[in-house]
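S.K.: turn this into a model:
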Amino acid sequence: MLTKNVADGVHLISAAYVNCYVVQDEDGACLVDTGLPSMWSHLEDGLAELNLRLADLRAIVLTHAHFDHTGCAARAQQQLKVPIWAHAADHYIAAHPYRYEHEKPRFLYPVRYPGGIRILATMARAGALRVRGVRDLLPLMPDTALDVPGRPRVVFTPGHTAGHCALHLADRSTILTGDALVTLDPYTGHTGPQIVARAATADSARALSSLDALAATRAQTVLPGHGDPWLTGIEPAVDHARTHHTDE
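M.R.: Modelled structure (predicted):
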């Protein structure tokens, strides 16, 4: 499903509880995160609504390299020859999508949090268990303006993964937070601004600390990797995430 202009020139493509974003400016368009394998057709359809084709994408930027954000990356690299960016600390995960650190075992979560069962099952049907690794990525450099459409500033937000980065579009007062801050946790089904459960987070203490970097942007529009956009400011979102954090 496409939602146009969730921020100025930023469009949300969402399926299977996973979000991707198309960022446009006068130089073209780039894609932030690629979702799960079955989202290829959703990307095509969403771009068509924007009068674009997949071949029109100038770059792909990965906020991090978990399988639900890299599901179409290898296909895009092979078929579109598009450059793909991710922080160097996540390049290993990108190449090996199921070898990533997490603080708690995942198998108990469906028992403890039945609200996540439907979400995780939907993600599995969308290809969560058959993501191909992707290699030869370009390295994101923190605190730099990335030379892709939108010229986002790379905000280093480690914790969910070692190389997680958010993208700040200062001229649009918008922050694409990836999974550094979400409004839906796929593992618990909980909604509202939060960090992701320890079933998929490498270092939750570090993830909480990285919320400072998000808050410092003072962005008005918050676009997460899972869940609905948050339109009332990153600082209240961060406050909510800290206030409601539990050791899950």
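S.K.: state which strand of this structure is the longest.
M.R.: Longest strand of the chain, by residue count under DSSP state E: strand 18-25.
S.K.: got the angle for the very next helix or strand once past it vs strand 18-25?
M.R.: Downstream of strand 18-25, the next assigned helix or strand under DSSP states H and E is strand 28-32. Here strand 28-32 runs at an angle of 160 degrees relative to strand 18-25 (axes from the mean of the first three to the mean of the last three CA atoms, to 10 degrees).
S.K.: run through who's touching the helix or strand following strand 28-32.
M.R.: Toward the C-terminus, strand 28-32 is succeeded by helix 39-49 as the next helix or strand (DSSP H and E). Contacts with helix 39-49, where a contact means CB atoms under 8 Å, 6 or more residues apart in numbering, come from 1-2, 4, 11, 13, 15-16, 18, 20, 22, 29, 31, 34-35, 53-54, 56-57, 71-72, 75, 126. Using the backbone N, CA and C atoms, a C-beta is placed for each residue, glycine as well.
S.K.: next one: stretch 84-95
M.R.: When contacts are defined by CB under 8 Å, 6+ apart, stretch 84-95 is touched by residues 59-62, 64-66, 70, 73, 76-77, 99-100, 133-135, 137-140, 142, 146, 148, 156, 158, 161-165.
S.K.: could you pull out the buried residues of it?
M.R.: Neighbour-count burial for stretch 84-95, with 16 or more other CB atoms under 10 Å as criterion, is recorded at 84-87, 89-91, 93-95.
S.K.: need the three-state assignment for W85.
M.R.: strand (DSSP: H, G, I helix; E, B strand; the rest coil).
S.K.: how much space between it and H240?
M.R.: 29 Å (CB to CB, to the nearest Å).
S.K.: helices or strands up against the helix or strand of the chain with the lowest mean pLDDT?
M.R.: Counting by mean pLDDT, DSSP states H and E, the chain has its least confident helix or strand at helix 109-112, which shows a mean of 78. Judged by 3 or more CB pairs under 8 Å, 6 or more residues apart in numbering; DSSP states H and E, the packing partners of helix 109-112 are helix 117-123.
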